[in-house]
Structures are given as structure tokens and as C-alpha cells.
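S.K.: with the input below, show me the fold.
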Amino acid sequence: MRVTEGKQGVQRGRTVVSDRGQGKGWWGRGLLALVLLGGLASCSAPADAPGPRNVTLSQKWALQPGDRLAGYEVQSGLGDITLDIRGNRVFMPFDGEVQPAEGSENLCVILSSPDVPAYLFRLCGLRQVQMGDRAQGDPIGSGDSVAFATLRRQADGTWAMVEPAKELIAQFLDQP
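M.R.: A predicted model of the protein is given here:
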């Protein structure tokens with residue numbers, strides 16, 4: 001298993017707006033430029049956002065979260081447990097890091113923790129996800145149908161999906 005880790009920096013460009021030689025209306029154009037620049041800054045990813053995490057599974061299934069089937073997006077796959085959490089929040093069960101899942105960055109995240117180094121947790125279907133280092137009890141995001149998967153590191157370095165304990169899933173749903 002090769003897990004691609006590390007933080008990828010976000011490069012930000014700089015836009016220079018000049019009103020030189022424009023004559024009347026410089027104030028309005030300057031205000032417009034500030035609004036546009038502010039909008040661009042709010043749309044860019046934070047500089048400390050973690051990069052996507054690649055997880056090689058030992059099992060090979062044809063359908064994976066993020067795949068498209070008959071024009072619909074697959075939300076979860078074999079090994080995932082999907083819960084209808086009715087728009088409620090999901091919380092960090094322990095200290096760790098939340099990263100986008102490589103290949104399905106807009107749908108799934110990977111949670112890792114030094115408290116449980118032999119395990120990774122994949123959550124799909126979250127909205128307003130808080131990426132990066134998170135403390136136990138911090139909100140991760142919210143959602144309607146959220147798919148939980150537990151992965152255990154194998155001796156060969158790959159990851160295998162395993163059935164999570166009910167108590168573990170409950171820790172994601174109850175803020176400590």
C-alpha cells in the first residue's frame with residue numbers, strides 16, 4: 001500500500017487592477033475590483049488544507065463512491081454503512097486529520113488518527129467539511145445520507161474494509 005500523505009500548498013495568484021488613464025469613475029471601478037478580489041479570496045482553499053489521500057484497498061470492487069452509473073453518482077460501496085442522519089453533524093471521535101479522498105475529493109474524506117494508527121475511516125456524503133487537523137469532538141461536517149467505512153492496515157501495506165463496531169459509529173454521531 002502506498003499512502004500519499006503530506007500537505008500540498010496552495011499557490012495564489014495576484015491580480016493587479018489599474019485605473020490609470022481611465023478618467024471618471026475610478027472610485028466605482030476600485031470598489032468593484034475590491035469586491036471581485038474579496039470574492040476570489042473567499043473561494044480559494046486555505047493554504048493549510050490537506051491534499052487528497054490515496055488509499056489502496058486490498059479488495060477490488062467494480063463500483064466505488066464517486067463513480068457514475070446510468071447518469072447517477074454512486075454514494076457508497078460494498079463495505080460502507082450508510083446512515084440517514086437528517087442533516088445533523090458528524091464529529092471527530094478522537095484527535096486526527098481529515099483529508100479529501102483521492103479520486104472522490106468532492107464526495108468522500110479520509111480520517112486518520114495517531115490514536116488508532118492501524119485504521120482509517122472514510123466518510124462520504126458530508127457537506128461543509130472541515131479539513132485538516134481536528135480535535136476530538138470537533139465537527140467534521142453535516143449530511144443527510146452519510147456512508148461510513150472502516151479500513152484496517154494489512155501486513156502488505158494495503159487497506160481492507162472491516163465492519164466497524166456500533167460504538168465507534170456512535171462516537172461520530174454524538175459530540176463528546
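S.K.: only C-alpha atoms for contact and neighbour calcs from this point on.
M.R.: Fine.
S.K.: hang on, residue 105 packs against residue 52?
M.R.: Yes - the criterion here is CA atoms under 8 Å, and residue 105 meets it with residue 52 at 6.8 Å.
S.K.: so where does residue 167 fall, helix or strand?
M.R.: Assigned by DSSP states H and E, residue 167 belongs to helix 166-173.
S.K.: what lies in contact with that helix?
M.R.: For helix 166-173, the external contacting residues (CA atoms under 8 Å, 6 or more residues apart in numbering) are 89, 90, 91, 92, 93, 148.
S.K.: ok, the closest residue in space to the third one that isn't next to it in sequence - contacts?
M.R.: Taking CA to CA, 6 or more residues apart in numbering as the measure, residue 91 lies nearest to residue 139, with 4.3 Å between them; neighbours along the chain are not counted. For residue 139, the contacting residues are 89, 90, 91, 92, 130, taking CA under 8 Å, 6+ apart as the criterion.
S.K.: backbone phi and psi for residue 50, please?
M.R.: Torsion angles at residue 50 (phi, psi; degrees, to the nearest 10) stand at phi -70, psi 150.
S.K.: that one: neighbour count?
M.R.: Here the count is done by other CA atoms under 10 Å, and residue 50 has 21 residues near it.
S.K.: that one and residue 64: what is the separation?
M.R.: 22 Å (CA to CA, to the nearest Å).
S.K.: for residue 115, the count of nearby residues, please.
M.R.: Residues near residue 115, counting by other CA under 10 Å: 10.
S.K.: please enumerate the strands of this structure.
M.R.: Under the criterion DSSP state E, strands of the chain are mapped to 68-69, 72-73, 81-84, 89-91, 96-100, 108-112, 119-127, 132-134, 139-153, 159-162.
S.K.: now those strands in CSV, with mean pLDDT and distance to residue 169?
M.R.: Output for these, formatted as CSV (pLDDT from 0 to 100; distance: least, CA to CA, whole Å):
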stretch, mean pLDDT, distance to residue 169
strand 68-69, 74, 27
strand 72-73, 72, 24
strand 81-84, 88, 9
strand 89-91, 97, 10
strand 96-100, 97, 16
strand 108-112, 97, 13
strand 119-127, 96, 10
strand 132-134, 98, 17
strand 139-153, 95, 8
strand 159-162, 92, 13
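S.K.: switch those strands over to a markdown table; also include distance to residue 172.
M.R.: Converted to a markdown table, the strands of the chain look like this (distance: least, CA to CA, whole Å):
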| stretch | distance to residue 172 |
| --- | --- |
| strand 68-69 | 28 |
| strand 72-73 | 24 |
| strand 81-84 | 11 |
| strand 89-91 | 5 |
| strand 96-100 | 13 |
| strand 108-112 | 11 |
| strand 119-127 | 10 |
| strand 132-134 | 13 |
| strand 139-153 | 9 |
| strand 159-162 | 17 |
